[in-house]
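In: Build me a model:
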Amino acid sequence: MTGKDFIRKGVLPVAGFMLVGWLGSYFYIVDGQMDWFRFAMIFGILAGIPHMFVIIPGNLDLGGTAGMIGICILLGGLLGIPIAVWKFVRAVWYFFGFPVSRLYQIAVERRS
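Out: Below you'll find the model as predicted:
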């Protein structure tokens, strides 16, 4: 694990999740309580953006196109929830695993 991996796969995603969590709190906190569906959709939509438009609206009128875009956003959000969880687990692993691996590497070098 290199320092570049630590920054790219550890620090930046954790900072991104914290920023989205802070800014998204205006959307998923309703009447002082957390709405878990909105919380999951906010993180899911951001992680599922590449997977959103799996169904590209074709020869539809304006209402059909708007409906298909809405369905694609919902599907992308639902598909993005496990992707967001996986990215968060991986980011935490890199965030805490890098210092441990460096300490282990230093200890092995001192033994030799």
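In: Roughly how far does the residue nearest in space to the middle of the chain sit from residue 39?
Out: The residue lying closest to the centre of the chain (C-alpha atoms, centre = their mean) is residue 84, at 3.4 Å. With distances taken as C-beta to C-beta, to the nearest Å, residue 84 is found 11 Å from residue 39. Heads up, the C-betas are built off the backbone N, CA and C, glycines and all.
In: now stretch 89-107, how far from the centre of its chain.
Out: 21 Å (C-alpha atoms, centre = their mean, to the nearest Å).
In: Now it - C-alpha only, CSV.
Out: The C-alpha coordinates for stretch 89-107 follow below in CSV (Å, rounded to 0.1, in the frame of the first residue of the first chain):
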residue,chain,number,x,y,z
VAL,A,89,-15.8,0.1,4.0
ARG,A,90,-12.8,0.2,1.6
ALA,A,91,-12.0,3.8,2.5
VAL,A,92,-12.0,3.1,6.2
TRP,A,93,-9.8,0.0,5.5
TYR,A,94,-7.3,2.1,3.7
PHE,A,95,-7.6,5.0,6.2
PHE,A,96,-6.7,2.7,9.1
GLY,A,97,-4.7,0.0,7.3
PHE,A,98,-2.0,2.3,5.8
PRO,A,99,-0.6,3.5,9.2
VAL,A,100,-0.7,0.0,10.5
SER,A,101,1.1,-1.4,7.5
ARG,A,102,3.7,1.4,7.7
LEU,A,103,4.4,0.7,11.4
TYR,A,104,4.7,-3.0,10.6
GLN,A,105,7.1,-2.3,7.8
ILE,A,106,9.2,-0.1,10.1
ALA,A,107,9.3,-2.8,12.7
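In: ok, and what's touching that stretch?
Out: 1, 3, 5-6, 9-11, 13-14, 17 (C-beta atoms under 8 Å, 6 or more residues apart in numbering).
In: got it, and stretch 17-36?
Out: Taking C-beta under 8 Å, 6+ apart as the rule, stretch 17-36 contacts 38-39, 42-43, 46, 88, 91.
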